[in-house]
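S.K.: Sequence plus predicted model, see below.
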Amino acid sequence: MLGSEGKKPKPHKRALLFVDNSGADVVLGMLPLARELLRRGIEVVLVANSLPALNDVTAMELPDIVAEAAKHCDILRRAVEAGGLLVDAMTNTLDGLKGNSSSVPLMVMENGCGSPCIDLRQVSSELAAAAKNADLVILEGMGRALHTNFNARFKCEALKAWLSDLLAMVKDQRLAEKLIKGNIYDCVCRYEYAPAS
């Protein structure tokens, strides 16, 4: 794959994955994507809501979900250990891996918000610090990817989608007309390259 200037793009170092709904979106969408990024040597920060909103997963719930998945996947297990994401559910599983961590880290952070939408100008200080070294941002879901950040410009590469299907479904006619000059239930996926420096 070639970048916007015809050159092979540099590999990413850190990806921020803004997760959305509990259940299938996290388990079948974001965790497999995180696993693939980790397999490629990319640090992954899973970013979840600080407070409950609709059916969105929270940062307090996400470590338990990741721990369960890590019991079945060596890539996730090593990344959980490297990222210091040790929770009670993982302690016994990880004991045998101490000293064997040559993996890149997987971390979970809260976004400082309690809404399906997110204003990236007002995130937790921990997330702001982690974002300084990120070179890939993935926003999942209609609220985060479309409603509040569809036209946001990042200093790094960005994917805005609903990752269960790698598409964002527009579920509001006014928003469909405004953002994509389309119709309700149209699907959108937007990948943006980092601006030339």
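M.R.: Arrived safely. Residues are numbered from 1 along each chain as shown.
S.K.: and Leu46, backbone torsions?
M.R.: According to degrees, to the nearest 10, the main-chain angles of Leu46 amount to phi -90, psi 120.
S.K.: what does Gly182 give?
M.R.: Dihedral angles for Gly182 - degrees, to the nearest 10 - are phi -130, psi -160.
S.K.: wait, isn't it in contact with Val170?
M.R.: Yes. Taking Cβ atoms under 8 Å as the definition, Gly182 is a contact partner of Val170 at 6.7 Å. Placement of C-beta: from N, CA and C, glycine included.
S.K.: which strands and helices sit next to the helix or strand that contains Met109?
M.R.: Here Met109, judged by DSSP states H and E, is contained in strand 106-110. In terms of contacts (3 or more Cβ pairs under 8 Å, 6 or more residues apart in numbering; DSSP states H and E), strand 106-110 is packed against strand 43-48, helix 62-70, helix 74-82, helix 125-131.
S.K.: Take those and write them to a markdown table, including distance to Arg35 and mean neighbour count.
M.R.: Putting these into a markdown table (distance: least, Cβ to Cβ, whole Å; neighbours: other Cβ atoms under 10 Å) gives the following:
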| stretch | distance to Arg35 | mean neighbour count |
| --- | --- | --- |
| strand 43-48 | 9 | 26 |
| helix 62-70 | 8 | 20 |
| helix 74-82 | 5 | 21 |
| helix 125-131 | 19 | 15 |
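S.K.: Output those as TSV; include the columns mean pLDDT and distance to Glu192.
M.R.: Below are those laid out as TSV (pLDDT from 0 to 100; distance: least, Cβ to Cβ, whole Å):
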stretch	mean pLDDT	distance to Glu192
strand 43-48	94	18
helix 62-70	94	26
helix 74-82	94	26
helix 125-131	90	16
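S.K.: For these, could you give me CSV that also reports distance to Met107?
M.R.: As requested, the helices and strands packed on strand 106-110 are exported to CSV (distance: least, Cβ to Cβ, whole Å):
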stretch, distance to Met107
strand 43-48, 5
helix 62-70, 10
helix 74-82, 9
helix 125-131, 7
